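Peer 1: below is the sequence, then the predicted model.
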Amino acid sequence: MGKYCFNSKGDDQVQTQMDLANKIVLERIRGVRSIILYGGFGRGEGSGRFIDGKFFPANDYDVYVITDKRIDNGYIEEVARLVAAKWNKKGITLEIFDKKQTLGDNFYYDFKCLTVDQLKTLFPMLRYYELKNSSVVVWGEDLRYLIPDYKVKDIPIAEAARVLLNRMTHLVEYMSLDGKHDPEMLKYFVAKAYIDACTALLILSEKYAPTYFKRMQIFKETYKKDFSELYSLIPHLVDRVVEATTWKLDLDRDINLSDLEYWHQARKDMYEIAKYFFSKFTGKEIREINDLSNVILNMRKEYYEQYGYWFLKLRGIDNKLIPKVMRFSLPYYFKYKYFLRVKEQINKDYYKIFYSSSGPDLVIFSALPYILFSLKEEGVDKEMLMKGRMILSSIYPVKGNDWESISQDYANAYVAFFLQKIV
């Protein structure tokens, strides 16, 4: 039996769930060579809660199934939902985002498939770096040696940008002014925002490590020296990262703030962290929210070209022009895929998606600073919120004019794009 949880309390039940999932996968998919668990449970840092003697994982199981031949993404999602149903969970679906989710609800079998040949040409993305360096084989052959042996310095800073923006997004998704959100769930994703702010900064300084605990230790040792500008603005960030990490690893602890106090503290901190990070990433000066939004919207070169470079390098192609071409071509590919997903979600065409020069992901993220930071302790900055609404409506049908409804539409737009199995 593997060690899946940081405190080992849920290991037996995780193993039982893994055995059931493996059985279904092997029955439904031919040519399986290996099943690999990565993410928190794969690196022995999973967490959850015991309720009436039953273990409820706090987040999803991240799984790669390695096969001889490609498997259709639609079929992969079908098998993942079947696994979830056996666990009495609904699984991952393209539904309207539910702000009422609890830690027990926020759980699914995040199942992706790679062929043996694909392992040899994987980009140095965070999840592939972790797949090689901090995962566990739960069935079959250990084929991780086929993944290229990347160094930390090879991880594109675009990966750090994506992680940071994802966590900022979760601060919008799980917050409800109408009291719809689950307080513990909100605190959980605030903690993850702090943890992955640390992740993003350590990628920036090329000191990233593939476990929460090790990253926390490195950040404690290097924050003041490596990030002196940010330290002068948030001197207590290390303490907040340590607090968030220790709670995430052991949910029997607690955060000594209410859910709303914790959220507003993080909102203030993430504003300074985002301005600092994206100014370093893009080389642009960022003084206010307008600057931050514009930089995110227009960072196509920084965000897309690094992936193009590695895509070609791993295929033996040495042509400096093609990564630049991918900077322009990838957004159009993403628009097409996103158009189909939005149509599936809302049951109608939304052609505005094709009008922007940036990809849907960057448009969604450029609306984020206005929506997130418009919500202050003293109330909503309506002018700022409407700027976020205007950007979001360029790629998603936004219906309302208040923070609650706009944040809901933002969450729906995000789900439509980022639940795709693009890579």
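Peer 2: The structure has been received and is ready for your questions. Numbers count the residues shown, from 1 in each chain.

Peer 1: off-centre distance for whichever helix or strand Cys113 is part of?
Peer 2: For Cys113, the enclosing helix or strand under DSSP states H and E is strand 109-115. Offset of strand 109-115 from its chain centre (C-alpha atoms, centre = their mean, to the nearest Å): 16 Å.

Peer 1: burial count for Asp52?
Peer 2: Neighbourhood size, Asp52 [other C-beta atoms under 10 Å]: 5. C-betas here are computed from N, CA, C, even on glycine.

Peer 1: cool, and the one 5 residues further on?
Peer 2: By the measure other C-beta under 10 Å, the count of residues near Pro57 is 25.

Peer 1: repeat for the one 5 residues further on
Peer 2: When counting by other C-beta under 10 Å, one arrives at 21 neighbours for Asp62.

Peer 1: what about the nearest residue to it once chain neighbours are set aside, how many neighbours?
Peer 2: The shortest distance from Asp62 to any residue other than its chain neighbours is 3.2 Å, reached at Gly39 (C-beta to C-beta, 6 or more residues apart in numbering). Other residues within reach of Gly39 by the criterion other C-beta under 10 Å amount to 19.

Peer 1: from Ile24, how far out is Gly39?
Peer 2: 19 Å (C-beta to C-beta, to the nearest Å).

Peer 1: on that earlier part again, which residues touch the strand holding Cys113?
Peer 2: Counting contacts by C-beta atoms under 8 Å, 6 or more residues apart in numbering, the residues outside strand 109-115 that touch it are 21, 25, 29, 39, 60-71, 76-77, 79-80, 83-84, 87, 91-92, 122, 421.

Peer 1: ok, stretch 353-367 next?
Peer 2: Outside stretch 353-367, the residues that touch it by C-beta under 8 Å, 6+ apart are 165, 169, 293-294, 296-300, 303-304, 330-331, 334-335, 338-339, 342, 388-389, 391-392, 394-396, 410, 413-414, 417-418.

Peer 1: from the residues you listed, which land in helices?
Peer 2: In helices, defined here by DSSP state H, the members of the contacts of stretch 353-367 are 165, 169, 293-294, 296-297, 300, 303-304, 330-331, 334-335, 338-339, 342, 388-389, 391-392, 410, 413-414, 417-418.

Peer 1: so for stretch 345-357, what's the average pLDDT?
Peer 2: In this model, stretch 345-357 has a mean pLDDT of 90.

Peer 1: can you give me the buried ones in it?
Peer 2: Of the residues in stretch 345-357, those with enough neighbours to count as buried (16 or more other C-beta atoms under 10 Å) are Gln345, Tyr350, Ile353, Ser356.

Peer 1: do the same with stretch 76-90
Peer 2: Neighbour-count burial for stretch 76-90 flags Ile76, Glu77, Val79, Ala80, Arg81, Leu82, Val83, Ala84, Trp87, Lys89 (criterion: 16+ other C-beta under 10 Å).

Peer 1: contact partners for the residue lying closest to Leu119 once chain neighbours are set aside?
Peer 2: What sits nearest to Leu119 in space, not counting adjacent residues and going by C-beta to C-beta, 6+ apart, is Leu146, at 4.1 Å. Contacts for Leu146 were tallied using C-beta under 8 Å, 6+ apart; they are Val116, Leu119, Lys120.

Peer 1: and these, which are buried?
Peer 2: Burial of those was assessed by neighbour count (16+ other C-beta under 10 Å); the buried members are Val116, Leu119.

Peer 1: which of the contacts of Leu146 lies closest to Asp52?
Peer 2: Minimum separation from Asp52 among those (C-beta to C-beta) is found for Leu119, which lies at 40.9 Å.

Peer 1: quick one: contacts for the closest one?
Peer 2: Neighbouring residues of Leu119 by C-beta under 8 Å, 6+ apart: Ile66, Leu143, Arg144, Leu146, Ile147.

Peer 1: tell me how far the fourth one lies from Tyr351.
Peer 2: Leu146 sits 42 Å away from Tyr351 when distances are taken as C-beta to C-beta.

Peer 1: list the residues that contact the most centrally placed residue in the chain.
Peer 2: Note on the chain: the residue nearest the mean C-alpha position is Asn166, at 4.8 Å, using C-alpha atoms, centre = their mean. Under the criterion of C-beta under 8 Å, 6+ apart, the neighbours of Asn166 are Asp196, Phe418.

Peer 1: lovely, talk soon.
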